[in-house]
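> Please find the sequence and the predicted model below.
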Amino acid sequence: MTPPMTTLATGPDTLTRDALAVLQPGFDGTTAPDWVRRRLGEGLASVALFGRNVVTEEQVTALTGQLRAERDDLLVAIDEESGDVTRLDVRTGSSFPGNHALGAVDDPDLTRAVSRELGRRLAACGVTFDWAPSADVNANPDNPVIGVRSFGASTDLVARHTAAWVEGLQSTGVAACTKHFPGHGDTNVDSHHDVPRIDVDTDTLYARELPPFRAAIAAGTRAIMSAHILVPALDPDRPGTLSSRVLTDLLRGELGYQGLIVTDGMEMRAISGTYGLEHGVVLAIAAGADAICVGGGLCDEGTVLGLRDALVAAVRSGELPEERLADAAARVRDLARWTAEARPAGPGTAPDPVIGLIAARRALRVTRTGAVAPLDTPVHVAQFEPARNIAVGDQTPWGPAAELRRLLPGTTAGSCTGDAAAAQALAAADGRRIVAVVRDEHRHPWMGAALDTLLAARPDTIVVEMGLPQSAPRGALHIATYGAARVCGVAAAEAVVAG
């Protein structure tokens with residue numbers, strides 16, 4: 001392990017403190033590790049929480065209290081979009097529908113109310129910085145990583161809901177981080193695995209991708225997250241996170257943004273697999289990023305010290321201007337100061353615990369292809385399970401099965417996938433009515449083929465689509481939820497029983 005770069009008389013020097021200040025590392029465990037507390041005293045200004053750090057809200061509150069005892073203005077970040085990407089509700093499914101459901105309703109006041117309640121919960125837990133919302137325009141329905149994380153395919157719709165989401169969240173004293181600049185919607189590659197490329201001209205980019213970010217800036221977003229995507233119209237050589245043309249010339253210069261720029265997770269293969277983690281971090285700060293997100297995978301003390309030392313060495317070698325690192329660190333501390341001052345002294349925002357379910361019910365779309373009688377007997381829920389992307393993770397339950405078991409006691413459920421999915425569902429149903437639950441049917445040929453077989457054998461099957469509803473509605477009843485949050489499953493179950 002690299003020894004700490006300190007002096008006995010003065011502790012860490014300014015350069016070392018600045019290098020620590022720009023890092024936003026994750027860590028393992030549900031209590032504050034000793035190494036994190038130690039580095040907070042040496043200049044670390046941020047930490048990040050992931051699903052592995054969350055058991056209950058009370059436990060998160062205790063954890064953030066431990067951390068803040070070492071540094072009162074600590075930035076505690078979380079990747080809490082609500083909907084499919086949830087950390088606070090990682091074990092139960094989100095209490096709020098995601099962006100696509102809110103876009104389907106298209107009521108900015110509702111979006112503002114949902115993000116305000118989310119912010120209230122985060123603030124109550126001591127979380128002060130949320131890596132959300134996604135301002136990506138869903139221009140490519142085959143996108144493997146954005147999908148229902150986007151408000152929709154219309155630039156104007158995405159812009160107005162991005163602004164509303166930012167306003168609602170920040171009214172609670174939690175900083176919003178609008179992502180993924182300059183826009184991740186028109187990709188067919190997941191940047192967790194490789195470098196996506198967007199081949200559009202500048203006119204398209206400026207008309208389609210950038211307006212939601214302009215709206216977020218006008219709404220006062222405190223942070224913007226860069227995307228690990230290559231946009232040759234802006235920079236033919238480097239992805240956005242490492243591009244001064246994207247971060248400094250475009251975002252700072254043309255768009256006039258003065259808040260914090262934070263990177264997407266630097267351990268993602270689009271960066272670490274191409275440039276290496278430590279070199280990628282140096283290049284990102286040099287390009288204009290101010291804060292480094294790292295630790296979606298486990299992040300330990302050795303990783304943090306290696307990144308700190310890489311930044312210090314880059315300054316000393318002349319690769320990274322010292323003034324650029326100092327400016328980045330100052331922006332992190334400025335945001336930390338804002339969150340400390342904005343933190344509610346008393347109860348804060350009044351709770352609105354049902355707003356998420358209200359929104360999920362409003363987003364629901366039901367298509368009937370024939371007469372469907374209300375259900376009052378147990379059903380079998382056949383959940384067609386696609387591979388999860390890393391942003392969503394595999395810890396979070398989804399689907400209407402839990403609520404259907406409550407509404408229709410005796411209901412059974414099972415996951416099925418691949419070529420045998422339909423046969424598995426028919427065998428498990430054992431004569432019961434089937435509720436087939438799919439997610440992005442249009443992206444998974446096996447899923448479409450399984451539905452063909454299932455509906456041929458059991459035309460009374462009810463289909464619940466919990467991803468992008470791109471495929472034509474089919475089944476005796478077709479229900480589109482526009483997301484797979486827990487409340488979307490509750491709303492779907494209610495519709496199934498109502499018939």
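Received it, and whenever you're ready, just let me know what you need.

> residues of stretch 317-337 that come out buried?
Within stretch 317-337, the residues that count as buried by 16 or more other C-beta atoms under 10 Å are 320, 324-326, 328-329, 331-333, 335-336. Any C-beta I mention is one placed from the backbone N, CA and C, and that applies to glycine too.

> and of these, the nearest to Ala163?
The shortest approach to Ala163 among those belongs to Leu335, at 19.4 Å (C-beta to C-beta).

> Check which helices and strands the helix or strand harbouring the closest one is in contact with.
Secondary structure from DSSP states H and E places Leu335 in helix 322-342. Here helix 322-342 touches helix 14-21, strand 75-78, strand 175-181, strand 260-262, helix 277-287, helix 301-317, going by 3 or more C-beta pairs under 8 Å, 6 or more residues apart in numbering; DSSP states H and E.

> Those: which one's closest to Ala449?
Here strand 175-181 is closest among the helices and strands packed on helix 322-342 (C-beta to C-beta), at 32.7 Å.

> how big is the angle separating the closest one from helix 322-342?
Here the directions of strand 175-181 and helix 322-342 differ by 140 degrees (axes from the mean of the first three to the mean of the last three C-alpha atoms, to 10 degrees).

> what comes into contact with strand 175-181?
Strand 175-181 is contacted by residues 75, 77, 128-136, 162, 165-166, 169-170, 212-213, 216, 221-227, 229, 240, 246, 251, 260, 262, 264, 335, 338-339 when judged by C-beta atoms under 8 Å, 6 or more residues apart in numbering.

> Quick one: mean pLDDT over that strand.
Mean per-residue pLDDT for strand 175-181: 97.

> Tabulate the CA atom coordinates of that strand in PDB.
C-alpha atoms of strand 175-181 as PDB (Å, rounded to 0.1, in the frame of the first residue of the first chain):
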ATOM      1  CA  ALA A 175     -27.500  19.000  -5.000                       C
ATOM      2  CA  ALA A 176     -28.600  17.700  -8.300                       C
ATOM      3  CA  CYS A 177     -26.100  16.300 -10.900                       C
ATOM      4  CA  THR A 178     -27.500  16.300 -14.400                       C
ATOM      5  CA  LYS A 179     -26.200  13.600 -16.600                       C
ATOM      6  CA  HIS A 180     -24.700  12.300 -19.000                       C
ATOM      7  CA  PHE A 181     -23.100  15.300 -20.800                       C
END
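
> Pull out the buried positions in that strand.
Buried-residue list, strand 175-181, by 16+ other C-beta under 10 Å: 175-181.

> And the contacts of the helix or strand just after that strand?
Sequence-wise, the next helix or strand downstream of strand 175-181 (DSSP H and E) is helix 202-204. When contacts are defined by C-beta under 8 Å, 6+ apart, helix 202-204 is touched by residues 233-234.

> One more: stretch 419-436?
With C-beta under 8 Å, 6+ apart, stretch 419-436 has contacts from 375, 377-382, 384, 400, 404, 412, 414, 416, 446-447, 449-454, 457-458, 460-464, 475, 496.

> Identify those among the residues you listed that sit within helices.
404, 446-447, 449-454, 457, 496 (DSSP state H).

> show me the contacts for Arg39.
Contacts of Arg39 (C-beta under 8 Å, 6+ apart): 20, 301, 304.

> An error on my part: the question was meant for Leu242.
So Leu242 contacts 271, 275, 280, 283-284, 287 (C-beta under 8 Å, 6+ apart).

> could you dump stretch 16-28 to PDB, C-alpha only?
Taking Å, rounded to 0.1, in the frame of the first residue of the first chain, the C-alpha atoms of stretch 16-28 are listed here in PDB:
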ATOM      1  CA  THR A  16      -2.000  16.400  -1.700                       C
ATOM      2  CA  ARG A  17      -5.100  17.800   0.000                       C
ATOM      3  CA  ASP A  18      -6.300  19.100  -3.400                       C
ATOM      4  CA  ALA A  19      -5.700  15.700  -5.000                       C
ATOM      5  CA  LEU A  20      -7.800  14.000  -2.300                       C
ATOM      6  CA  ALA A  21     -10.500  16.700  -2.500                       C
ATOM      7  CA  VAL A  22     -11.400  15.900  -6.200                       C
ATOM      8  CA  LEU A  23     -12.000  12.200  -5.500                       C
ATOM      9  CA  GLN A  24     -15.500  10.800  -4.800                       C
ATOM     10  CA  PRO A  25     -14.800   7.200  -3.800                       C
ATOM     11  CA  GLY A  26     -17.100   4.500  -2.700                       C
ATOM     12  CA  PHE A  27     -16.300   2.000   0.000                       C
ATOM     13  CA  ASP A  28     -17.400  -1.400   1.300                       C
END
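
> Give me the buried positions along that stretch.
Buried-residue list, stretch 16-28, by 16+ other C-beta under 10 Å: 16-27.

> can you check stretch 267-281 too?
Buried-residue list, stretch 267-281, by 16+ other C-beta under 10 Å: 267-268, 270-272, 275, 277-281.

> now do stretch 148-160
In stretch 148-160, counting by 16+ other C-beta under 10 Å, buried: 148-155, 157-160.

> what would the contacts of Arg39 look like in JSON lines with pLDDT and distance to Ala69?
Below are these laid out as JSON lines (pLDDT from 0 to 100; distance: C-beta to C-beta, whole Å):
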{"residue": "Leu20", "pLDDT": "98", "distance to Ala69": "18"}
{"residue": "Glu301", "pLDDT": "94", "distance to Ala69": "19"}
{"residue": "Val304", "pLDDT": "95", "distance to Ala69": "20"}
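
> right, and Ile78 touches Ala123 too?
No: the criterion here is C-beta atoms under 8 Å, and Ile78 misses it with Ala123 at 11.4 Å.

> nearest to Glu441, of the buried residues of stretch 16-28?
Gly26 (33.6 Å).

> With adjacent residues omitted, what lies nearest to the closest one?
Excluding its sequence neighbours, the residue lying closest to Gly26 (C-beta to C-beta, 6 or more residues apart in numbering) is Gly295, at 2.5 Å.

> And that neighbour, how far from Thr86?
Noted for Gly295: a distance of 17 Å to Thr86, by C-beta to C-beta, to the nearest Å.

> My understanding was that Val497 contacts Pro374; is that so?
Yes: applying C-beta under 8 Å as the test, Val497 and Pro374 come out as touching, 6.6 Å apart.
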